[in-house]
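need a 3D model of the following:
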Amino acid sequence: MSAAAPADQATLPRYAAGALREAGAALFATQGVPADKAAVMAEVLVESDLMGHVTHGLGLLPKYLDDLAAGRMATEGEPEVISDRGACLTWNGRGLPGGWLTMKALDIGIARARQHGTASIAIGNSHHIGCLAVYPARAAAQGMMAILHSSAPGTASVAPFGAREGVLAPDPVSAGFPTGGVPVVTDISASITTNNMSLRLIAQGGRFPQKWLLDAEGMPTDDPAAITQGGTILPAGGLDHGQKGYGWALMTEALTQGLSGHGRVQKPSGMIASVFLQVIDPEAFAGLDAFTAQTGHTAAACRAAAPRPGLPPVRLPG
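Coordinates of the predicted model:
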């Protein structure tokens with residue numbers, strides 16, 4: 001359960017993860033999703049909930065089912081290969097389920113990284129890929145490092161630093177790597193918050209703890225409803241240091257949309273995503289033992305760092 005989850009979630013009924021995967025796959029099947037794709041999609045959503053990323057777990061299932069019913073998510077076939085140079089692969093995702101496409105890319109990336117040392121895969125015209133952390137966590141469990149960027153070229157809810165007009169998407173990136181113990185897995189957005197979190201707070205009648213949005217006039221606000229009233233989300237760093245999140249978003253959109261050749265130029269709508277995945281095999285560099293000696297040392301030092309007064313011991317993401 002996420003540390004940020006409402007306290008009353010502790011009283012909600014609990015279900016076995018396997019049963020939820022089966023139920024999710026069955027619901028996807030009702031919309032014509034083949035069994036192999038349906039199983040992977042359900043697995044990705046349930047894994048997100050298990051990680052505590054509830055905004056990107058089974059809560060997304062109704063949106064996905066709506067897109068399937070409306071023909072906005074494809075069900076049949078494989079991605080189109082745009083370019084393949086072994087260590088570099090580019091796909092047109094053809095609107096296929098993003099969780100299935102990205103998991104397929106991860107499997108290919110791990111295999112090719114073991115051969116080439118690194119492998120980079122760009123995917124354009126994918127459907128939404130869900131919680132990014134799910135994928136690098138899988139790579140880290142196999143002794144690999146993975147970096148995953150995603151952008152939504154049909155979304156313009158984030159203002160460039162200094163602007164009040166939305167141009168960019170939240171543009172998240174996730175990275176996962178082994179430490180010799182519990183892997184580190186990050187999943188963070190180039191925006192100070194996200195569209196899904198804003199909508200969740202609106203439904204709960206809540207507000208953000210700080211002024212993380214701009215209203216339609218460009219004034220800072222903590223009201224999540226601003227995102228539905230012509231307002232925008234600030235880049236990570238906010239009003240003071242938002243140039244950092246702004247630069248990060250530009251990099252993510254270049255990696256995902258530029259390298260895949262599919263993005264804002266095509267004017268997609270809805271939950272279409274562009275993706276960039278890189279898998280790195282530490283054995284191709286100084287070796288896995290040398291890698292985890294360094295990452296494990298840093299992880300241990302972070303945990304051992306004296307916490308600020310009144311705060312619990314330091315944690316690591318993942």
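
low-scoring stretches of the chain, by residue?
Flagging of the chain using pLDDT under 70 yields the residue ranges 1-10.

what sits against the spatially most central residue of it?
Nearest to the geometric centre of the chain sits Leu132, at 2.8 Å (CA atoms, centre = their mean). By CB atoms under 8 Å, 6 or more residues apart in numbering, the contact set of Leu132 is 148, 150, 172-174, 187. For glycine as for every other residue, the C-beta is placed from the backbone atoms N, C-alpha and C.

could you redo the last one with a cut-off of 10 Å?
Going by CB atoms under 10 Å, 6 or more residues apart in numbering, Leu132 touches 48, 53, 56, 102, 147-150, 172-176, 185-189, 275, 277.

same check on Arg138?
47, 103, 106-107, 110, 144, 146, 176, 183, 185.

cool, Gln31 as well?
Residues in contact with Gln31 (CB under 10 Å, 6+ apart) are 38, 64-69, 73, 75.

which element is encountered next along the chain beyond the top helix by length along the chain?
In the chain, assigned by DSSP state H, the helix with the most residues is helix 98-116. Sequence order places strand 118-127 as the next helix or strand after helix 98-116, per DSSP states H and E.

name the helices or strands packed onto that next one?
Judged by 3 or more CB pairs under 10 Å, 6 or more residues apart in numbering; DSSP states H and E, strand 118-127 is in contact with helix 61-69, strand 80-84, strand 88-92, helix 98-116, strand 145-151, helix 259-260, strand 272-280.

and the residue lying closest to His262 once chain neighbours are set aside, how far from Ala25?
Distance criterion CB to CB, 6 or more residues apart in numbering; nearest residue to His262, sequence neighbours excluded, is Gly124 at 2.7 Å. The gap separating Gly124 from Ala25 is 26 Å, by CB to CB, to the nearest Å.

higher neighbour count, those two?
The neighbour count for Gly124 versus Ala25, taken as other CB atoms under 10 Å, is higher for Gly124 (28 against 21).

report the beta-bridge partners for the more buried one.
Asn92 (DSSP bridges).

residues in contact with it?
Neighbours of Gly124 in contact, by CB under 10 Å, 6+ apart: 79-80, 82, 90-94, 153, 256-263, 266, 268, 272-276.

and the furthest pair within the contacts of Gln31?
Farthest pair in the contacts of Gln31 (CB to CB) is Ala38 and Asp66. Separation: 16.0 Å.

looking at these two, which has the bigger crowd around it?
Neighbour count, other CB under 10 Å: between Ala38 and Asp66, Ala38 has more, with 23 against 14.

so the more buried one touches Leu61, yeah?
No - judged on CB atoms under 10 Å, Ala38 makes no contact with Leu61 at a distance of 11.4 Å.

what is in contact with those two at once?
In contact with both Ala38 and Leu61: 24, 27-28, using CB under 10 Å, 6+ apart.

measure Leu239 to Met219 for me?
11 Å.

nope, Gly109 is what I was after
With CB to CB as the criterion, Gly109 and Met219 are 44 Å apart.

so which of the two has more stuff around it?
Gly109 (27 against 12).

what's the local residue count around the nearest residue to that one once chain neighbours are set aside?
Among residues not flanking Gly109 along the chain, Val279 sits closest, at 3.7 Å (CB to CB, 6+ apart). For Val279, the neighbour count with other CB under 10 Å is 30.

pretty sure Val279 contacts Met145?
Yes - using CB under 10 Å, Val279 is in contact with Met145, at 7.3 Å.

so for these two, which residues contact both of them?
113, 118, 136, 139.

now these in CSV, with distance to Gly230 and neighbour count?
As requested, the shared contacts of Val279 and Met145 are exported to CSV (distance: CB to CB, whole Å; neighbours: other CB atoms under 10 Å):
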residue, distance to Gly230, neighbour count
Ala113, 44, 25
Thr118, 43, 16
Pro136, 35, 29
Ala139, 40, 29
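
export those residues to JSON lines and tack on distance to Ile227?
Below are those laid out as JSON lines (distance: CB to CB, whole Å):
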{"residue": "Ala113", "distance to Ile227": "38"}
{"residue": "Thr118", "distance to Ile227": "37"}
{"residue": "Pro136", "distance to Ile227": "28"}
{"residue": "Ala139", "distance to Ile227": "33"}
